[in-house]
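# sequence plus predicted model, see below.
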Amino acid sequence: MEHLRTDAATASTGRARGYRPVAADTGVRVGSRMSRRLYYLALILLALYSLGPLVVFLFTALKSQSELATNPLGPPHHWVWSNFVQAWDQGDIGTGLKNGAILTIGTALGVCVIAGLAAHAMARLDLPGTNGVILYLIAVTVLPIQLFLVPLFELWSRLHLYNTLIGLMIIYWAVFSPFATLLLRSFMVALPHDFEDAARIDGAGELGVLWRVTVPLVAPGFLTVALVSGLAAWNQFLLAVTFLQSPNLMPISLSLFQFQQGYTQNYALVSAAAVFMLVPMVVLFLALQRRFVAGLSVGGLGG
């Protein structure tokens, strides 16, 4: 009897202290493991969905035309590395990569400068009509570029900017700067004024405050703007095909397009040429993806 009373007292004390039965803890752990497995399964399926087409694309670039007809989706039985050599020589890929790099770097730097100055003025100088400028930037961001092609083509011809890399770069600055300005402004609005006020007390002007204080603090935002505008300039086709004509000025997107026109039926060779356009941006994005995603998530478009 004494043992029964002791066991009952222990059980009641355990319930009073909030102890749960072992079976309940086991059920929670099993449910947690099941949800974790489902989570990993969903991630694996999404990865396969995203990487599957790229893997098939690379397989296509390494096959001969005859093997591609008999084995369109599987891995190549004989790796035809000469496809890359032939595509590089006949598609003038080297010139396309050089021009694409010039446009991409120049666009990224120009957009960072233009958007940085505009965002600083809108966020810190208390200029009149700032809200109207924000609405204007949002409006021009959603307008299709096709609306401006004809008048812009005529204007660029008169200014002798047609068929020049700098002329195309200026258009890219105008197209990509509105969104970049809004994004950088959202970063700058969230900054405290103390550092900037201290710099002004020390005698720094507005450009000095921007360069020495604001830019280091919002570096993730500038990196995000550079990546977004650079990727857009690298992949841009419509503006490039409209405002460039000389073969020695064509970026990689136009070089690939012209090469595809001559080898429409040879998909293995066209895929090999497309690899040269794909790889640089994929490597750059993978190297900077954490800062890119962090910049977008931190910046938001708030403020």
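Ah, there it is.
# please give the element, helix or strand, for the residue positioned nearest the centre of the chain.
What sits nearest the mean C-alpha location of the chain, by Cα atoms, centre = their mean, is residue 228, with 4.7 Å. For residue 228, the enclosing helix or strand under DSSP states H and E is helix 219-235.
# just the buried residues of that helix, please?
220-234 (16 or more other Cβ atoms under 10 Å). In this view, the C-beta of every residue, glycine as well, is placed from N, C-alpha and C.
# now do the contacts for residue 134.
122, 182, 185 (Cβ atoms under 8 Å, 6 or more residues apart in numbering).
# just those residues now: which is nearest residue 245?
The shortest approach to residue 245 among the contacts of residue 134 belongs to residue 182, at 33.7 Å (Cβ to Cβ).
# give me the number of residues near that closest one?
20 (other Cβ atoms under 10 Å).
# for the helix or strand hosting it, name the packing helices and strands.
In this structure, residue 182 sits in helix 165-189 according to DSSP H and E. Helix 165-189 sits against helix 93-124, helix 130-142, helix 149-158, helix 219-235, helix 238-243, helix 267-299, with contacts defined as 3 or more Cβ pairs under 8 Å, 6 or more residues apart in numbering; DSSP states H and E.
# what angle do the second one and helix 93-124 make?
This points to helix 130-142. 160 degrees (axes from the mean of the first three to the mean of the last three Cα atoms, to 10 degrees).
# buried ones in helix 130-142?
Buried, per 16+ other Cβ under 10 Å, within helix 130-142: 133-134, 137.
# low-scoring stretches of the protein, by residue?
1-31, 263-264, 291-303 (pLDDT under 70).
# remind me, longest helix of it?
helix 22-61 (DSSP state H).
# okay, domains of the protein per the record?
As recorded under automatic domain parsing, the domains making up the chain are 2-61, 82-299.
# quick one: the last one to chain centroid distance?
What separates the centre of domain 82-299 from the centre of its chain is 11 Å, taken as Cα atoms, centre = their mean, to the nearest Å.
# burial of residue 215, as a residue count?
16.
# ok, it - contacts?
Contacts of residue 215 by Cβ under 8 Å, 6+ apart are 116, 222.
# could you check how far it is from residue 208?
Per Cβ to Cβ, to the nearest Å, residue 215 is found 11 Å from residue 208.
# and stretch 146-163, which residues are buried?
152, 156, 161-162.
# could you dump those residues into a markdown table with distance to residue 248 added?
What follows is the buried residues of stretch 146-163, written out as a markdown table (distance: Cβ to Cβ, whole Å):
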| residue | distance to residue 248 |
| --- | --- |
| 152 | 23 |
| 156 | 19 |
| 161 | 17 |
| 162 | 15 |
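# measure residue 57 to residue 91 for me?
17 Å.
# show me what contacts residue 240?
103, 168, 250-251, 253-254.
# do residue 182 as well
119, 134, 137-138, 141, 301.
# for residue 80, same thing?
Residue 80 touches 62-64, 268, counting by Cβ under 8 Å, 6+ apart.
# again, but for residue 84
Applying Cβ under 8 Å, 6+ apart, the residues contacting residue 84 are 61, 272, 275-276.
# the same query, at a cut-off of 7 Å, please.
residue 272 (Cβ atoms under 7 Å, 6 or more residues apart in numbering).
# can you point out the buried residues in the helix or strand harbouring it?
Here residue 84 sits within helix 82-90, counting by DSSP H and E. By neighbour count, with 16+ other Cβ under 10 Å as the criterion, the buried positions of helix 82-90 are 83-84, 86-88.
# how far off helix 93-124 does that helix point, in degrees?
Relative orientation of helix 82-90 and helix 93-124, computed by the same axes, to 10 degrees: 80 degrees.
# got the angle for helix 82-90 vs helix 267-299?
80 degrees.
# CA-only coordinates of helix 82-90 in PDB, if you can.
What follows is helix 82-90, C-alpha atoms only, in PDB (Å, rounded to 0.1, in the frame of the first residue of the first chain):
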ATOM      1  CA  SER A  82      34.900  20.500 -80.700                       C
ATOM      2  CA  ASN A  83      31.400  22.100 -80.600                       C
ATOM      3  CA  PHE A  84      32.700  24.800 -78.400                       C
ATOM      4  CA  VAL A  85      35.700  25.500 -80.600                       C
ATOM      5  CA  GLN A  86      33.600  25.700 -83.700                       C
ATOM      6  CA  ALA A  87      31.000  27.900 -82.100                       C
ATOM      7  CA  TRP A  88      33.700  30.200 -80.700                       C
ATOM      8  CA  ASP A  89      35.400  30.600 -84.100                       C
ATOM      9  CA  GLN A  90      32.300  30.800 -86.400                       C
END
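# distance check, residue 127 against residue 209.
16 Å.
# looking at the two, which is more packed in?
Neighbour totals were compared for residue 127 and residue 209, and residue 209 leads with 20 against 10 (other Cβ under 10 Å).
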